[in-house]
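> Okay, here's the prediction I keep looking at, along with the sequence it came from:
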Amino acid sequence: MHQQHYRRPNRSGQGGGPHAVPPPHLRPPVHPHIQAARPTRPGGVPSVVASAKTRLKDKKQTVAGFVVFRRTEDGLKYLMLYRRGNYWNFPKGHFEAGEDSMATALRETEEETGLKRSELRILPGFRAQEQFSFEAADERIHDTVILYLAETKEPNIRIAPREHSGFAWFLYEDALRILGKKYAGTKRVLKQANDFLRPAARPARQPNRSSRPERRPWSNRPGHGRPHPPSLRA
């Protein structure tokens, strides 16, 4: 019996043998969850892509840092650190064993900016939280960021090149502008800090009632209390 052989057609589609498609015994096996793509390398070796999307693993983590500001002739300026890709944020980082949020915030701020504890004046009463999620490799990261507020008089920042690419001191309005719409959580924390530092934003202090002079009511009995008020004339 005469055996037929498959011959590959040329690039124009002409010159093929009796089979326009390779016979079954010459076709490469295809896994049910893998689809073959068009050949992309010399020699007709096909590349493959997975048809099923890899399921991401959820990971929760907590970081801590500072909103750092300083007072200038132009007004309050806030420290923002820059990372390539138009990413601006506050100095912050992950916890180490045995640390609380304040210890982590102080250590990470010194590592990323060079500002030591002695160069920061921490403002009591301010503690903000920011939550956001992002994808990295095969994980979906859920970050909880704890941020404190501190003032410094040191304008010179010594950034760590492995952490950031640069830094800048921004007025409040300018900081909001460079953050744009993408970093809404960071903008919320910045607004909280700015409102906290504005005296007009704080509630007025109520006077101590115990310090007020005691006011006695009018007495209707002669010889008791204050004199009768003058009678009203028509």
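Yep, that arrived. Note that this is a predicted model, so its numbers are computed, not measured. Numbers count the residues shown, from 1 in each chain.
> List the contacts of Leu81.
When contacts are counted by Cβ atoms under 8 Å, 6 or more residues apart in numbering, Leu81 touches Trp88, Asn89, Phe90, Pro91, Glu112, Thr113, Ile159, Glu163, His164, Gly166, Phe167. (Glycine included, C-beta is placed from N, CA and C.)
> ditto for Leu190
Taking Cβ under 8 Å, 6+ apart as the definition of contact, the neighbours of Leu190 are Val67, Tyr78, Tyr172, Ala175, Leu176, Leu179.
> Which of these sits closest to Arg140?
Comparing these against Arg140 with Cβ to Cβ picks out Leu179 as the nearest, at 22.9 Å.
> From Arg140, how far off is the closest residue to the closest one other than its chain neighbours?
Once flanking residues are discounted, Leu179 sits nearest to Lys187: 5.1 Å by Cβ to Cβ, 6 or more residues apart in numbering. Plainly put, Lys187 is 23 Å away from Arg140 if you go by Cβ to Cβ, to the nearest Å.
> quick one: average confidence on the longest strand along the chain?
When the chain is parsed with DSSP state E, its longest strand is strand 57-72. Taken as a whole, strand 57-72 has an average pLDDT of 91.
> what mean pLDDT does the next helix or strand after it have?
Per DSSP states H and E, the first helix or strand lying C-terminal to strand 57-72 is strand 75-83. For strand 75-83, the mean pLDDT works out to 95.
> Buried residues, the longest strand of the chain. List them.
Neighbour counts over strand 57-72 (16 or more other Cβ atoms under 10 Å) mark Val63, Ala64, Gly65, Phe66, Val67, Val68, Phe69 as buried.
> can you check stretch 168-178 too?
Trp169, Phe170, Tyr172, Ala175, Leu176.
> where along the chain do the strands fall?
34-41, 45-50, 57-72, 75-83, 87-89, 92-94, 121-122, 128-136, 139-151, 166-171.
> List the pairing partners of the third one within its sheet, with orientation.
Strand 57-72 has the following strand partners under DSSP bridges: strand 75-83 (antiparallel), strand 92-94 (antiparallel), strand 139-151 (parallel).
> Report the angle between that strand and strand 166-171.
Comparing the axes of strand 57-72 and strand 166-171 via axes from the mean of the first three to the mean of the last three Cα atoms, to 10 degrees yields an angle of 60 degrees.
> what residues does stretch 85-97 touch?
Counting by Cβ under 8 Å, 6+ apart, residues outside stretch 85-97 touching it are 61-68, 79-83, 101, 104-105, 107-109, 111-113, 145, 147, 178-179, 183, 186, 189.
> cutoff 6 Å now
Defining contact as Cβ atoms under 6 Å, 6 or more residues apart in numbering, one finds that stretch 85-97 is touched by 63, 65-67, 80-82, 104, 108-109, 112-113, 178, 186.
> what do you get for stretch 153-171?
By Cβ under 6 Å, 6+ apart, the residues outside stretch 153-171 that reach it are 75, 77-84, 112-114, 119.
> So what would you say the end-to-end distance of it is?
15 Å (Cα to Cα, to the nearest Å).
> what do you get for stretch 93-104?
Stretch 93-104 has its terminal residues 7 Å apart, counting by Cα to Cα.
> begin at 255 from here
Okay, using 255 as the starting number, the last item reads as stretch 347-358.
> Now do it, average pLDDT.
In this model, stretch 347-358 has a mean pLDDT of 94.
> what comes up buried for that stretch?
Going through stretch 347-358 with 16+ other Cβ under 10 Å, the ones that come out buried are Gly347, Phe349, Ser355, Thr358.
> ok so, going back, of all the strands paired with strand 311-326, which lies closest to Glu384?
With distances scored as Cβ to Cβ, the stretch of those nearest to Glu384 is strand 393-405 (4.2 Å).
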